[in-house]
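the following block contains a protein sequence and its predicted model.
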Amino acid sequence: MAPTLQRVEPTHWANLLMQGAGEALRRYHRHAVHGLHHLTDVLDAGRPVVLVGNHCLDLADPLMLTVAVYRTTGRLLRFIAHGNLFFTLPVLRTLAPIWGLIPNRHVELADAALTEAGALMLYPGSGTEAILRSYRREPYRLKWDGKLGFVQLAARHRATILFVAGLGIDEMYYQTDVRMPASAIRYGNAGDADYYRGARLQIGAAGIHVLPGVLPLPVRVTHVISPPLTTDPGLDPDDPDAVAHAHVALWAESQAFLDAAVVARDSDLVDRGLRSAMSWLQRLGV
């Protein structure tokens, strides 16, 4: 059966639970959002907005952002999520639609969600950026090669595109150089262990990272929302050359914003201590 778009009820017990978990994580990570006015300005003007961001192997990052935006604007952000992970695993496949998640590769649902909610967030790098990237060798690198969907989505709706830089998310868990067992990859990816072969084990405050959002390392996490990215209001979503050109320009602009945000990020003693310890472990080749 094809998935359908489900209405999001903020007072549903699953969303109240999600909000509580998000608030706890925000306190734990001393979470802050900068540039939120860039989002509220677009929403207040009644224009659709597509938010894109950098990605890591956890849901604590979007969860904290969702709660912060909801507390400020009264809107629960909808996200495009990994179809195999969130829509095939027991429990998650029941909760995902209630949380307002949209399975990837379902263009019609993304269009409907953006039309209905006026805002939709996605991670163009998806699993390539979150799972296969080596955080120590490619810190805060956007892996958007061939990821044209968000450009076409924005063009179809004449939407504003905002980039959301997630700072501290690469350090929420320590990514080792130990390869993840194929059985674990197979379980999380609907029986397919080949696509994410080479993924590395991560370690949090409670040991090996198995359950998303459960006891990450207490680094400081900050989200910085960019001003509107440079887009052509007349871009034809069905013109592959124009879309490819726009994609490269948006990718470069987003990476430049992320680089600047990483350099200027807020920190504290706990955060600096943890990042220093990770750096030493990396030098030791762990």
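In hand now; what should we look at?

from here on, contacts and neighbour counts on C-alpha atoms
Fine.

show me what contacts V52?
By Cα atoms under 8 Å, 6 or more residues apart in numbering, V52 lies in contact with M121, L122, Y123, P124, F150, I161, L162, F163, V164.

go again using 7 Å as the cut-off
Taking Cα atoms under 7 Å, 6 or more residues apart in numbering, we find V52 in contact with M121, L122, Y123, P124, L162, F163, V164.

same thing with I169?
Here I169 is in contact with C56, D61, V221 (Cα under 7 Å, 6+ apart).

F79 and A119 touch, don't they?
No: look at F79 against A119 with Cα atoms under 7 Å: they stay out of range, at 9.1 Å.

what about the nearest residue to R200 once chain neighbours are set aside, how many residues nearby?
Excluding the flanking residues, the one nearest R200 by Cα to Cα, 6 or more residues apart in numbering is R179, at 4.4 Å. Neighbour count of R179, defined by other Cα atoms under 10 Å: 12.

gap between R179 and E171?
18 Å (Cα to Cα, to the nearest Å).

check A206 too.
15 Å.

again with D238
Relative to E171, and taking Cα to Cα, D238 is found at 39 Å.

still on that earlier bit, in helices, which of the contacts of V52 appear?
Of these, none are assigned to helices by DSSP state H.

mind picking the two most distant members of those residues?
Using Cα to Cα, those span at most 12.7 Å, a distance reached by P124 and L162.

quick one: low-confidence ranges for the stretch 1-150 of the chain?
1-3, 82-90 (pLDDT under 70).

typo on my end, it should be the stretch 151-286 of the chain
182, 184-196.

tell me which stretches of it form strands.
160-167, 174-179, 200-204, 207-208, 222-225 (DSSP state E, counting those that start in this stretch).

got TSV for those, with distance to L36 too?
TSV is the format used below for the strands of the stretch 151-286 of the chain (distance: least, Cα to Cα, whole Å):
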stretch	distance to L36
strand 160-167	10
strand 174-179	29
strand 200-204	29
strand 207-208	34
strand 222-225	6
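
and W280, which of those strands is closest to it?
strand 174-179 (11.6 Å).

sheet partners, orientation included, of the closest one?
Its sheet considered, strand 174-179 pairs with strand 200-204 (antiparallel) by DSSP bridges.

in this protein, where's the longest helix?
Scanning the chain for the helix with the most residues, using DSSP H, yields helix 240-263.

does anything pack onto that helix? Which helices or strands?
helix 149-157, strand 160-167 (3 or more Cα pairs under 7 Å, 6 or more residues apart in numbering; DSSP states H and E).

report the buried residues of that helix.
Neighbour-count burial for helix 240-263 flags 243-244, 246-248, 250-251, 254-255, 257-258, 261-262 (criterion: 16 or more other Cα atoms under 10 Å).

residues contacting Q202?
Contacts of Q202 by Cα under 7 Å, 6+ apart are Y173, Y174, Q175, T176, I208, H209.

and the residue nearest to G285 when sequence neighbours are not counted, how many neighbours?
Leaving aside its sequence neighbours, G285 sits nearest to D177 (Cα to Cα, 6+ apart; 7.6 Å). Using other Cα under 10 Å, D177 has 17 neighbouring residues.

any idea how far D177 lies from Y135?
Taken as Cα to Cα, the span from D177 to Y135 is 10 Å.
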